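Engineer: can't give you the sequence, but here's the structure:
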Ligand SMILES: *Cc1c(COP(=O)(O)O)cnc(C)c1O
């Protein structure tokens, strides 16, 4: 067994060696500023353009619709705040969902403190947006719909094309946080009626601190970062050349592996789900079984406290998560698990395990064995479990 089993690929992924190789020249000898006219600059400019094209091709966008940013959080902030700023004369109403990533949720809450009205549309018990609720929420002053493409905690994939259709038919801009979906599931921004979309390199085996905002050519967002004329005058700041080159390489590899690896990861995902549910009593899968990210497993164990479980599996060399990394350290149960209707005590006993193409079946077998021990041990110490047995609830 390896020392550590990494099952937290929704938080971040391992940099692929091919990505590092592609980046290396731009961290060493090819250090020009892509804005410079001389050959040092031109080489870097060409490398960034190549990455831009690879990324655009992956989602059926045009090269000049890709804007490099510092990551998913910046892209989310930019899209939402700029639409709010530009459209405030039309209205101040924004529709989003109850299961957004913090980068979207907190941005909307920031705007709410500034006089914007936010509707958080609910989801069903699998985490799928309630389309009737979404349609009913639309008002004449609605300026933006922002819905997460695939959820980072429970992996549920939304009917993005339909949501985009609704937004477009009403003349409302549509943004999607696709950080978990980009490079993992096929995306077509044209067919799916997407106006703006956020993605990040480090969720697809690229480097941290680089991402992009896709912005349809008809949507001209005001810059959030002012300064030089970079990124067609929309995002100032010298380009992160090594990061962008790494992002491009990671996207190229993702494109090549999206069908083969995704099928393999899915198979391992289903293997893990089935094994846990059949071998550990009083466990349940959170999220939709089918409309689900290839690598996402999220399971609730009754009569268990998630943080204790997380620490005990960590001692066995397994890195997992209780929810989103941004939320760990807080004692509130995940807003996503509450939104799908889990009571607090069950939401608290949840574990997210996210797989990658590097995850092996042996690792999963070891993980299930360890989980069985940990769950049994924690339950043996749980007064709730004792009571439940006494009252023949279980
Ligand atoms: C990771 C993540 C983000 C944030 O991306 P960064 O590049 O880390 O800023 C935003 N949304 C979702 C769904 C994510 O999973």
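Structural biologist: Okay, I see it. The structure presented is a predicted model; accordingly, all values stated were derived computationally and were not measured. Numbering: from 1, shown residues only.

Engineer: show me what from the stretch 201-350 of the chain comes close to the ligand.
Structural biologist: 202, 203, 211 (C-beta under 6 Å from any ligand atom). In this view, the C-beta of every residue, glycine as well, is placed from N, C-alpha and C.

Engineer: look up how far residue 241 lies from the last one.
Structural biologist: With distances defined as C-beta to C-beta, to the nearest Å, the gap from residue 211 to residue 241 amounts to 15 Å.

Engineer: likewise the first one?
Structural biologist: Taken as C-beta to C-beta, the spacing of residue 202 relative to residue 241 amounts to 17 Å.

Engineer: and the two? Which one has more around it.
Structural biologist: The neighbour count for residue 202 versus residue 241, taken as other C-beta atoms under 10 Å, is higher for residue 241 (26 against 23).

Engineer: for that one, give its distance to the ligand.
Structural biologist: Separation of residue 241 from the ligand (C-beta to the nearest ligand atom, to the nearest Å): 18 Å.

Engineer: contacts only, for that residue.
Structural biologist: Contacts for residue 241 (C-beta atoms under 8 Å, 6 or more residues apart in numbering) come out as 26, 30, 32, 34, 44, 47, 48.

Engineer: mind listing what's buried along the helix or strand containing the first one?
Structural biologist: Residue 26 is part of helix 17-27, with elements assigned from DSSP states H and E. Of all the residues in helix 17-27, those buried under the rule 16 or more other C-beta atoms under 10 Å are 19, 22, 23, 25, 26.

Engineer: how about the residues you listed in CSV, adding pLDDT and distance to residue 55?
Structural biologist: Output for the buried residues of helix 17-27, formatted as CSV (pLDDT from 0 to 100; distance: C-beta to C-beta, whole Å):
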residue, pLDDT, distance to residue 55
19, 98, 13
22, 98, 14
23, 98, 15
25, 98, 19
26, 98, 16
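
Engineer: so where is this structure shaky, pLDDT-wise?
Structural biologist: By pLDDT under 70, the low-scoring segments of the chain are 1-3, 323-331, 393-394.

Engineer: what is the neighbour count of residue 146?
Structural biologist: So residue 146, with other C-beta under 10 Å, has 27 neighbours.

Engineer: please read the previous query as pertaining to residue 29.
Structural biologist: For residue 29, using other C-beta under 10 Å, the count is 10.

Engineer: list the residues that contact it.
Structural biologist: Per C-beta under 8 Å, 6+ apart, neighbours of residue 29: none.

Engineer: that one should be in a helix, yeah?
Structural biologist: No: assigned with DSSP: H, G, I helix; E, B strand; the rest coil, residue 29 falls outside any helix and is coil.

Engineer: for the protein, just list every one of the helices.
Structural biologist: Secondary structure of the chain (DSSP state H): helices located at 17-27, 39-58, 72-86, 102-112, 131-137, 160-169, 230-233, 241-257, 260-279, 306-315, 335-339, 344-348, 361-380, 383-390.

Engineer: what's the closest of those to residue 151?
Structural biologist: helix 335-339 (6.2 Å; C-beta to C-beta).

Engineer: now do the buried residues in that closest one.
Structural biologist: Under 16+ other C-beta under 10 Å, the buried positions of helix 335-339 are 335, 336, 337, 339.

Engineer: report all helices and strands that that helix contacts.
Structural biologist: Packing contacts for helix 335-339, counted by 3 or more C-beta pairs under 8 Å, 6 or more residues apart in numbering; DSSP states H and E, involve helix 344-348.
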